[in-house]
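Undergrad: Fold the following.
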Amino acid sequence: MAFDKYPFVTLTEKGLLLDVLIQPRASRNEIVGIHDGCLKIRLAAPPVEGAANKACVEFIADVLGVSRSKVSIVNGHSSRKKRILVEVTDPDKVLKALPL
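TA: Numbers count the residues shown, from 1 in each chain. Predicted structure coming up:
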């Protein structure tokens, strides 16, 4: 698969690394599009006590159709910009689930 459409994705041995930009306290959870080379996601959760991080992991797992245990935040726990690892064996199938 050509990754030109997905500038925020890096393929690794473990799976996919996604560079995401989180906008907390939105009216609903949604993927907005690509912003500054990152996948922009709006989350309803506030950035308090890890609520937005938990919501981010759950939302990405639901959108991509993988279990929550396969999604983890690698970098940016206290930042709006995060790097998220999605452990998958078939990256093409997972990326097709993104509403872009």
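Undergrad: chain center to the lengthiest strand in the chain: distance?
TA: The strand that spans the most residues within the chain, counting by DSSP state E, is strand 15-23. Its chain's average C-alpha position is 4 Å from that of strand 15-23, according to CA atoms, centre = their mean, to the nearest Å.
Undergrad: what's the average pLDDT for it?
TA: Across strand 15-23, pLDDT averages out at 96.
Undergrad: same thing with stretch 88-95?
TA: Mean predicted confidence for stretch 88-95 is 88.
Undergrad: What is the end-to-end distance of stretch 74-81?
TA: End-to-end distance of stretch 74-81 (CA to CA, to the nearest Å): 11 Å.
Undergrad: Show residues contacting that stretch.
TA: Contacts with stretch 74-81, where a contact means CB atoms under 8 Å, 6 or more residues apart in numbering, come from 17, 19-24, 38, 50, 53, 82-85. The C-beta positions use only the backbone N, C-alpha and C, and glycine is treated the same way.
Undergrad: what about 7 Å?
TA: Here stretch 74-81 makes contact (CB atoms under 7 Å, 6 or more residues apart in numbering) with 17, 21-22, 38, 53, 82-85.
Undergrad: Out of those, which comes closest to F59?
TA: Checking these against F59 by CB to CB gives I22 as the nearest, at 9.7 Å.
Undergrad: Next up, the contacts around the closest one.
TA: I22 makes contacts with 41, 43, 52, 56, 80, 82, as judged by CB under 7 Å, 6+ apart.
Undergrad: Now do the longest helix along the chain, average pLDDT.
TA: For the chain, the longest helix by residue count, based on DSSP state H, is helix 51-64. The average pLDDT for helix 51-64 rounds to 96.
Undergrad: Residue numbering should commence at 394 henceforth.
TA: Okay, using 394 as the starting number, the last item reads as helix 444-457.
Undergrad: Done for today, thanks.
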